[in-house]
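Enquirer: Output the structure for:
(one chain, ligands or ions: 1)
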Amino acid sequence: MKIMIIGCGGVAQVAIKKCCQADDVFTEILIASRTKSKCDRVAEEMKNKTKAKISTAQVNADNVEELAALINSFKPAAVLNVALPYQDLTVMDACLKTGVHYIDTANYECENTEDPKWRKIYEKRVKEKGFTAYFDYSWQWAYHQKFKEAGLCALLGTGFDPGVTQVFCAYAQKHYFDEIETIDILDCNGGDHGYAFATNFNPEINLREVSANGSYWENGKWIETKPLEIKREYNFDGVGKKDMYLLHHEEIESLAKNIKGVKRIRFFMTFGQSYIQHMNCLQNVGMLSTTPVTFEGREIVPIQFLKALLPDPATLGARTKGKTNIGCIFTGYKNGVKKSIYIYNICDHEACYREVGSQAISYTTGVPAMIGAMLVVTGVWNKPGVYNAEEFDPDPYMEALNRYGLPWKVEEDPVLVD
Ligand code: NDP
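Expert: Coordinates of the predicted model:
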């Protein structure tokens, strides 16, 4: 099978290396990104380490025609989009135009939130939806009919969260519950990279997500909170006690639609005090703004300038120590009896670095990206239309997680989050 991978950042580099490991499935890989030299470097690194044939190309993924021409010349079975959420719609358009399947790890987000055309639709949708986050699934779900009619599959959000967390939900639903009442998604990064401040994936996307209002789903509606307003402490297996904060997160939106009868879904992420202080300070001085400002006669976007100053997440691997623990706590009923379980994965930053030269956040996203792509191209997870991860049979994905480096555990009667 041929796969075209768009992007060559932290997550993409892991996805590429994992596709190279699965060279019985991925016989040819085209790495296409904005900066071709990055693609060439990874291709060179993988030389003689895989049977897969690797080629590289420069592409501007904001441009549908350019993407379509590249897809037509390579003729892949699918496109794995691990560039940025800003490119989701253009890549989906190019896939429709050329008749190939689509896979990504993060839902669409508009790069310039001041764009009046986008803003008009956003403001209307905020009223309908009840949460103010700039990212949501409605833009991509709107492609469902087009993909269905074209006989193509679009698998959205196959990273860890979103992605594996939804597969955990589908697995809990299939094997452990008649009815799931509550889901708490806990994302803990116990890693330390030694910098005063750095983000573990693209700084722009990460800081936009964390500095936004939080929200959760309860009894059929969204409840919005101020950024980082709700804080809890949890003792994570393999990591220890950490403070965690409630965030708005995209998989809540699809789980609320697809896990029938669920009453509450929350998402928590751990942050240290230093991260929060830095973020608040940057926010207060306007460095997280996406609105262009004129500086010495040149237009710059503050958050993009900040990204240029911060360490590249793809380079954190060599210095990050510690573990991540990401999973879901479920409560609900089986045969009329109330029960709770916790499904989670622990991932070691240093072990990831030894295997693929990356830290665990890139690893825990890049591995599921490869697994999602593998299930789509082999037809195991493939139906015409646009789907989220919990809408497929979780079993083959759960087996692949064990096989490709993200083994999981199920704990009965875990400590619950209040
Ligand atoms: P990086 O910033 O490290 O990499 C992004 C890559 O996309 C870069 O190689 C960049 O090129 C390329 N790119 C950006 N714009 C374009 C464009 N217009 N045309 C072509 N290529 C482009 O990001 P990450 O690897 O950290 O994140 C990748 C994705 O993974 C993001 O969408 C992020 O939200 C998602 N993610 C998902 C997670 C999950 O669990 N689901 C967790 C973490 C991340 P260049 O190098 O030239 O700038």
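
Enquirer: Per-residue pLDDT of residue 128, please?
Expert: Residue-level confidence at residue 128 comes out at 86, pLDDT.

Enquirer: how far away is it from the ligand?
Expert: As for residue 128, its distance to the ligand is 24 Å (criterion: CB to the nearest ligand atom, to the nearest Å). (Each C-beta comes from the backbone N, C-alpha and C, glycine too.)

Enquirer: buried residues in the helix or strand containing that residue?
Expert: Assessed by DSSP states H and E, residue 128 sits inside helix 116-129. Neighbour counts over helix 116-129 (16 or more other CB atoms under 10 Å) mark 122, 129 as buried.

Enquirer: And stretch 235-253, by the same measure?
Expert: 236, 238-239, 242, 244-253.

Enquirer: Just those residues: which are in strands?
Expert: Secondary structure of the buried residues of stretch 235-253 is defined by DSSP state E; positions in strands are 236, 242, 244, 245, 246.

Enquirer: domain parsing for the chain?
Expert: When the chain is parsed with automatic domain parsing, its domains come out as 2-156, 164-358.

Enquirer: Which of those has the highest mean neighbour count?
Expert: When you average the neighbours per residue for each of those (mean count of other CB atoms under 10 Å), domain 2-156 leads with a mean of 20.

Enquirer: Show me what residue 224 is bridged to.
Expert: Residues found in beta-bridge contact with residue 224 (criterion: DSSP bridges) are residue 215.

Enquirer: mind listing what it touches?
Expert: By CB atoms under 8 Å, 6 or more residues apart in numbering, the contact set of residue 224 is 130, 131, 132, 213, 214, 215, 248.

Enquirer: ok, it to residue 126 distance?
Expert: In this structure, residue 224 lies at 10 Å from residue 126, with CB to CB, to the nearest Å as the measure.

Enquirer: quick check: mean pLDDT across the helix with the most length in the chain?
Expert: In the chain, ranked by residue count with DSSP state H as the criterion, the top helix is helix 360-377. Averaging pLDDT along helix 360-377 gives 98.

Enquirer: other SSEs contacting it?
Expert: Under the contact criterion of 3 or more CB pairs under 8 Å, 6 or more residues apart in numbering; DSSP states H and E, the helices and strands touching helix 360-377 comprise helix 10-21, strand 78-81, strand 101-104, strand 153-156, strand 323-334, strand 337-348, helix 349-356, helix 394-403.

Enquirer: The fourth one pairs with which strands?
Expert: Partner strands and pairing direction for strand 153-156 (DSSP bridges) are strand 101-104 (parallel), strand 385-388 (parallel).

Enquirer: Could you list the residues of the stretch 51-200 of the chain in contact with the ligand?
Expert: Of all the residues in the stretch 51-200 of the chain, those in contact range of the ligand (CB under 6 Å from any ligand atom) are 59-62, 82-85, 87, 105-106, 157, 159-163.

Enquirer: ok, now how distant is the residue in the stretch 51-200 of the chain positioned nearest to the ligand from residue 294?
Expert: Distances between the stretch 51-200 of the chain and the ligand by CB to the nearest ligand atom are smallest at residue 159, namely 2.2 Å. With distances defined as CB to CB, the gap from residue 159 to residue 294 amounts to 36 Å.

Enquirer: the helices in the stretch 201-350 of the chain, which residues?
Expert: Taking DSSP state H, counting those that start in this stretch to define them, one finds helices in the stretch 201-350 of the chain at 203-210, 250-258, 273-284, 302-309, 349-356.

Enquirer: quick one: which of the ones you listed is nearest the ligand?
Expert: Of all the helices of the stretch 201-350 of the chain, the one in closest proximity to the ligand, counting by CB to the nearest ligand atom, is helix 203-210 (4.3 Å).

Enquirer: Give me the mean pLDDT for the closest one.
Expert: Per-region confidence: helix 203-210 scores 89 on mean pLDDT.

Enquirer: and the angle from that helix to helix 250-258?
Expert: Between the axes of helix 203-210 and helix 250-258, defined by axes from the mean of the first three to the mean of the last three CA atoms, to 10 degrees, the angle is 60 degrees.

Enquirer: ok, the residue of the stretch 51-200 of the chain closest to the ligand touching residue 106?
Expert: Yes. Counting by CB atoms under 8 Å, residue 159 sits close enough to residue 106 to count as a contact (6.7 Å).

Enquirer: returning to what we had before: will you turn the strands paired with strand 153-156 into a markdown table that also has mean pLDDT?
Expert: Formatted as a markdown table, the strands paired with strand 153-156 follow (pLDDT from 0 to 100):
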| stretch | mean pLDDT |
| --- | --- |
| strand 101-104 | 98 |
| strand 385-388 | 98 |
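
Enquirer: that older thread, I'd like the ones in strands among the buried residues of stretch 235-253 as JSON lines, with distance to the ligand and pLDDT appended.
Expert: Conversion of these to JSON lines gives the following (distance: CB to the nearest ligand atom, whole Å; pLDDT from 0 to 100):
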{"residue": "236", "distance to the ligand": "17", "pLDDT": "98"}
{"residue": "242", "distance to the ligand": "18", "pLDDT": "97"}
{"residue": "244", "distance to the ligand": "16", "pLDDT": "97"}
{"residue": "245", "distance to the ligand": "17", "pLDDT": "97"}
{"residue": "246", "distance to the ligand": "17", "pLDDT": "98"}
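
Enquirer: rewinding a little: so can I have a markdown table of the strands paired with strand 153-156 showing distance to residue 312?
Expert: Below are the strands paired with strand 153-156 laid out as a markdown table (distance: least, CB to CB, whole Å):
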| stretch | distance to residue 312 |
| --- | --- |
| strand 101-104 | 21 |
| strand 385-388 | 29 |
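
Enquirer: quick one: which of those strands is nearest residue 353?
Expert: Using CB to CB as the criterion, the shortest distance between residue 353 and the strands paired with strand 153-156 is 25.1 Å, found for strand 101-104.
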